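Trainee: This is a predicted model, with the sequence first.
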Amino acid sequence: MKLVFFGSPAFALPALKLLNVDHKIDLVVTQPDRPKGRGKKTKPTPVKKWCLENELPVISPRAIRTSGFAEKLESCDTDYFVVVAYGRILTKKLLSIPQSGCLNIHPSALPAYRGPAPVNWALINNEAQIGLSIMEMNDKMDAGPIVRQKFFPVSTVDNAGSLLEKMALKGAGLLNEVLFEEEKSGKKLKRTPQNESKATYAPFLDTKMAEIDWNQSAQSICGIVRGLDPRPGAFTFYHGKRIKLFSPSLRDFSGKPGEIAGQDQYGLIVNCEKQSLSFGEIQLPGKRRMKSQDVLRGNPIPSGTILGASPES
């Protein structure tokens, strides 16, 4: 089966690698190279980097609404477009090019969590399970009919990074399953329109929400910390300096919100409005993320200390 693949971040790589084995990818489309890191050196997307290393044809157009780009796609004479976190909405004209349509992997139970950060918000909201949808695209964001949908439990130790990796792998397999079934039958699987009245949105993460409010329940804070891990990383203030906290687990201590209740074999225990949390990893300013026990060995934080005082206070 002939495909044109659209994708940019590491999340798209499992699908690209699998489809490249089982089908013929005529072209890969990805976002333009951009400055990254402290040195602001221009770097390709993870998808482009992999394509160059594996001699797969790849382009990174700055404009996708041009006649030249449409003609380039038409010349591929492809069966499907496959879109996995490409980062741009394709126009009706582009979507009409492939013979069998345009399929997309979205790591949510659509119509819930439409938008760019579904996994993060599922964790922030402490969802017990996460959906995975294969959708036929239209020209609206994440609003096309559902081809196939599955649900998976969310582990208590998952964070946004680990859960995204799992969904990338499962999504690749589910998409490939759909392609094989449609190729074998010679016709499309049922497309189920989304219920617009149940649509919710998962917007980009705001770094302002990363500061921990210890007056919330331990359960709420736990979801926020996991949902913002690894980026931007939930933080609090200790002696006016920002520290990041990761890998939370619930504890039954109680006390003043933000107060250090001590330390256990897992990490630093901090009281919340209800219950407390033990944080397994800490990142001090200018340092790398480390296990709490290693950090606290050289930088002890005494019990009774109150976290959360900003530099201005």
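Mentor: Cool, got the structure.

Trainee: From here on, just use CA atoms for contacts and neighbour counts.
Mentor: Noted.

Trainee: In contact with the nearest residue to residue 12 once chain neighbours are set aside, which residues are there?
Mentor: What sits nearest to residue 12 in space, not counting adjacent residues and going by C-alpha to C-alpha, 6 or more residues apart in numbering, is residue 84, at 5.3 Å. With contact set as C-alpha atoms under 8 Å, 6 or more residues apart in numbering, residue 84 has these partners: 5-8, 11-12, 15, 104-106.

Trainee: Quick check: end-to-end length of stretch 258-272?
Mentor: One end of stretch 258-272 to the other measures 6 Å (C-alpha to C-alpha, to the nearest Å).

Trainee: ranges for the helices of the stretch 101-250 of the chain?
Mentor: Counting by DSSP state H, counting those that start in this stretch, the stretch 101-250 of the chain has helices at residues 118-124, 160-185, 218-227.

Trainee: From the chain's centroid, how far away is the first one?
Mentor: Looking back up the chat, that one is helix 118-124. In terms of C-alpha atoms, centre = their mean, to the nearest Å, the centre of helix 118-124 is found 8 Å from the chain centre.

Trainee: Which elements pack onto it?
Mentor: helix 160-185, helix 218-227 (3 or more C-alpha pairs under 8 Å, 6 or more residues apart in numbering; DSSP states H and E).

Trainee: which one of these lies closest to residue 263?
Mentor: helix 218-227 (16.2 Å; C-alpha to C-alpha).

Trainee: and the angle from that closest one to helix 160-185?
Mentor: 70 degrees (axes from the mean of the first three to the mean of the last three C-alpha atoms, to 10 degrees).

Trainee: Quick check: mean pLDDT of helix 218-227?
Mentor: Regarding helix 218-227, the rounded mean pLDDT is 98.

Trainee: Domain-wise, how is the chain divided?
Mentor: Following automatic domain parsing, the chain resolves into domains at 2-198, 207-298.

Trainee: got the contact list for the lowest-mean-pLDDT helix or strand in the chain?
Mentor: Every helix and strand of the chain was ranked by mean pLDDT, DSSP states H and E. The lowest is strand 34-36, at a mean of 86. The contact list for strand 34-36, computed with C-alpha under 8 Å, 6+ apart, reads 41-44.

Trainee: what's the answer for stretch 11-26, then?
Mentor: With contacts defined as C-alpha under 8 Å, 6+ apart, stretch 11-26 is touched by 1-5, 46-47, 56-57, 76, 78, 84-85, 164-165, 168-169, 171-173, 175-176.

Trainee: do stretch 42-51 as well
Mentor: 7-10, 12-13, 28, 30-36, 57-59.

Trainee: repeat that with 10 Å
Mentor: 5-14, 16-17, 27-37, 52, 54, 56-60, 86 (C-alpha atoms under 10 Å, 6 or more residues apart in numbering).

Trainee: Out of the helices and strands packed on helix 118-124, flag the one nearest residue 305.
Mentor: Going by C-alpha to C-alpha, the one of the helices and strands packed on helix 118-124 nearest residue 305 is helix 218-227, 17.7 Å.

Trainee: which helices and strands does the closest one pack with?
Mentor: helix 118-124, helix 160-185, strand 241-251, strand 276-283 (3 or more C-alpha pairs under 10 Å, 6 or more residues apart in numbering; DSSP states H and E).

Trainee: one step back: looking at the domains of the chain, which is buried most?
Mentor: domain 207-298 (a mean of 19; mean count of other C-alpha atoms under 10 Å).

Trainee: Any chance of the domains of the chain in CSV with distance to residue 308 as columns?
Mentor: Below are the domains of the chain laid out as CSV (distance: least, C-alpha to C-alpha, whole Å):
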stretch, distance to residue 308
domain 2-198, 20
domain 207-298, 5
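
Trainee: what's the pLDDT at the nearest residue to residue 145 once chain neighbours are set aside?
Mentor: Nearest non-adjacent residue to residue 145, counting by C-alpha to C-alpha, 6+ apart: residue 193, 4.2 Å away. Looking at residue 193, its pLDDT is 98.

Trainee: Give me the phi and psi for the residue nearest to residue 65 when sequence neighbours are not counted.
Mentor: What sits nearest to residue 65 in space, not counting adjacent residues and going by C-alpha to C-alpha, 6+ apart, is residue 91, at 7.5 Å. Main-chain torsions, residue 91, degrees, to the nearest 10: phi -80, psi 160.

Trainee: Right, I'll call it a day here.
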